[in-house]
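Peer 1: What follows is a predicted structure for the sequence shown.
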Amino acid sequence: MRLTLTEDEIERILNYISFNEAEKELRNKILHQINVKQNRDISMKQKAVKIARATKSEITKNKIKSAIAFLNSENKNITIYTVCKASGVCFNTAKKYLAEFKN
């Protein structure tokens, strides 16, 4: 079976095909950009927050360690409450780190 097409019909078909190819290419490009953005490196702000959190945690550990040493030198009972009073950290923080240093 043979199809007879006019030049106008052929041109419309070719435009439709090229439009579909351009649309596929654009869709692939957009999907690639979305995937690339998800795999990006962390920002400098996130790195700074990570470093600051680690530093603050170390400072808190040192406060608790020195409070335990102070309480030991004064022969006082070491409890979460006395450690948080001596170190100046909150109760939950003292509870979090006390198990590490009590031994």
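Peer 2: Structure received. Residues are numbered from 1 along each chain as shown.
Peer 1: what about residue 42, which SS state?
Peer 2: coil (DSSP: H, G, I helix; E, B strand; the rest coil).
Peer 1: now swap in residue 77 and tell me
Peer 2: coil.
Peer 1: Not counting sequence-adjacent ones, nearest residue to it?
Peer 2: residue 71 (7.7 Å; C-beta to C-beta, 6 or more residues apart in numbering). (Glycine included, C-beta is placed from N, CA and C.)
Peer 1: Would you check that that neighbour makes contact with residue 83?
Peer 2: Yes: counting by C-beta atoms under 8 Å, residue 83 is a contact partner of residue 71 at 7.0 Å.
Peer 1: Pick out whichever of those two has more residues nearby.
Peer 2: residue 83 (25 against 18; other C-beta atoms under 10 Å).
Peer 1: Would you mark the buried spots in the biggest helix by length in the chain?
Peer 2: Counting by DSSP state H, the longest helix found in the chain is helix 7-38. Using 16 or more other C-beta atoms under 10 Å as the test for burial, helix 7-38 gives no buried residues.
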